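Engineer: dropping a prediction and its sequence here:
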Amino acid sequence: MNRKHDSLETNVSQQPQLQRLLRQAVSEKGMAHAYLLSGPDSSGLVRAALTVACSGKCKEKRAVPCGLCSECTRVIEGNHPDIHLVCPDGDTLKLEQVLRLQSVLHMKSNEAGDKVGIMADAENMSLPAANSLLKILEDPPAKTTIILTARNAGRLPPTVLSRCQEVRLSPLPPEAMAERLVAGGVEAPQAQLAARLCQGDEERARRWLDGQDLLDLTCQIAGDITSLHEEDPLMLAQRWENRGKDKDDLSLQLEIGLLLFRDALVSKAQEDSASQIAVAHDLSLDLDVQGLSDCIRMVLRTQDYIRSRVNARLALDAMFMALRGVIRYAGSCRDSF
Ligand SMILES: [Zn+2]
């Protein structure tokens, strides 16, 4: 099987909005001046943007570009003179990058067909860059399409948002994500766990898998949670803080905690049914549905706190205290019978 062809089909097959865009692109209507592709997976968004760029160039002239012909290959490999992909320089897309893109898009096409400028992770654009981009969105050069990609479209200025046609890409289901990871050389059990943790963000999954045994980490997190009966919650908060090098490691631990509680909840709900889910790790906690739902809520709230820049250590202290309260309360209820 040819990987390029396979990957273009895979990009499109589960994305109805993207399919609509591609059909429109090859119709008489043609492409819009500006699109915003949004979704959870940064690298998947860039692949989708390149697929759209291919659709105007593919020799096959069909809705889903072939990914095989010389034109598609040049686009995918970054060798097409009229397709320009701009990625953030460091953490941000800078004014100079937007100015450079604007000047090449204002030049005559090198070949027949439209020019396409792709700006990846556009939500990381500096304000001067966004203001400059606005000019080209308001008055686009002829036969030009701008494609922005963003995981968090809400962070783009409303003036930019309102000038783009937004296309939302759905996250890949965990099974499909796991397959992609396995195809990239990850062992199946690690890939399946990473796919369940990453919320459709392949880049995140790969980052978490890099040099790390996720199954082992999940065992450790499960051990921490079950030890809450007798361990000092503040010590556990300290352990989680020390275990992670940065915020990303902390968010991984929280995702694992969430997965464990969710698996336990589903197992509990299915206790009487014949079908049992494949759990990431069995949490040895005697909590009922209400208790497990409370724990899930506490982890979700902690994720919100950390996202909104509350001091991570304080948020962890509060979470472990609250979790211990739920776990001990369940224990005391049981012991009183
Ligand atoms: Zn092609």
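Structural biologist: Ah, there it is.

Engineer: tell me the residues of the stretch 51-200 of the chain that contact the ion?
Structural biologist: 58, 65, 66, 69, 72 (Cβ under 5 Å from the ion). C-beta here means a position set from N, CA and C on the backbone, and glycine is covered the same way.

Engineer: switch those over to JSON lines; also include secondary structure.
Structural biologist: Putting those into JSON lines (DSSP: H, G, I helix; E, B strand; the rest coil) gives the following:
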{"residue": "58", "secondary structure": "coil"}
{"residue": "65", "secondary structure": "coil"}
{"residue": "66", "secondary structure": "coil"}
{"residue": "69", "secondary structure": "coil"}
{"residue": "72", "secondary structure": "helix"}
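
Engineer: please parse this structure into its domains.
Structural biologist: As assigned by automatic domain parsing, the chain contains the domains 3-168, 213-335.

Engineer: looking at these, which is buried most?
Structural biologist: domain 3-168 (a mean of 18; mean count of other Cβ atoms under 10 Å).

Engineer: ok so, going back, closest one to residue 206 among the domains of the chain?
Structural biologist: Residue 206 lies closest to domain 3-168 among those, at 8.5 Å (Cβ to Cβ).

Engineer: check the offset of the closest one from the chain's centre.
Structural biologist: The chain centre lies 18 Å from the centre of domain 3-168; the measure is Cα atoms, centre = their mean, to the nearest Å.

Engineer: quick one, strands of the chain?
Structural biologist: 34-38, 83-86, 115-119, 144-150, 165-168 (DSSP state E).

Engineer: a markdown table for the ones you listed, including mean pLDDT and distance to residue 27?
Structural biologist: As requested, the strands of the chain are exported to a markdown table (pLDDT from 0 to 100; distance: least, Cβ to Cβ, whole Å):
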| stretch | mean pLDDT | distance to residue 27 |
| --- | --- | --- |
| strand 34-38 | 96 | 15 |
| strand 83-86 | 95 | 21 |
| strand 115-119 | 95 | 17 |
| strand 144-150 | 96 | 14 |
| strand 165-168 | 94 | 15 |
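
Engineer: same list, those, but as TSV with distance to residue 326 please.
Structural biologist: Formatted as TSV, the strands of the chain follow (distance: least, Cβ to Cβ, whole Å):
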stretch	distance to residue 326
strand 34-38	36
strand 83-86	48
strand 115-119	45
strand 144-150	37
strand 165-168	36
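
Engineer: so who does the nearest residue to residue 189 once chain neighbours are set aside touch?
Structural biologist: Nearest non-adjacent residue to residue 189, counting by Cβ to Cβ, 6 or more residues apart in numbering: residue 215, 6.1 Å away. Taking Cβ atoms under 8 Å, 6 or more residues apart in numbering, we find residue 215 in contact with 189, 190, 193.

Engineer: can you report how many residues lie near the second one?
Structural biologist: Residue crowding around residue 190 was assessed by other Cβ atoms under 10 Å; the count is 20.

Engineer: which strand residues bridge the closest residue to residue 84 other than its chain neighbours?
Structural biologist: Of all residues not flanking residue 84 in the chain, residue 117 sits nearest, at 4.9 Å (Cβ to Cβ, 6+ apart). Residues in a beta bridge with residue 117, per DSSP bridges, are residue 84, residue 146.

Engineer: what about stretch 136-154, start to end distance?
Structural biologist: Criterion Cα to Cα, to the nearest Å; first-to-last residue distance in stretch 136-154 is 20 Å.

Engineer: local confidence estimate at residue 235?
Structural biologist: With respect to pLDDT, residue 235 scores 96.

Engineer: got a pLDDT number for the residue of the stretch 101-250 of the chain found nearest the ion?
Structural biologist: Residue of the stretch 101-250 of the chain nearest the ion, by Cβ to the ion: residue 113 (12.5 Å). pLDDT recorded at residue 113 is 78.

Engineer: just checking, it touches residue 56?
Structural biologist: Yes - Residue 113 sits in contact with residue 56 when judged by Cβ atoms under 8 Å, with a separation of 5.6 Å.

Engineer: and residue 121, how far from residue 180?
Structural biologist: 20 Å (Cβ to Cβ, to the nearest Å).

Engineer: quick one, what contacts the residue of the stretch 101-250 of the chain closest to the ion?
Structural biologist: With Cβ under 8 Å, 6+ apart, residue 113 has these contacts: 56, 57, 82, 143.
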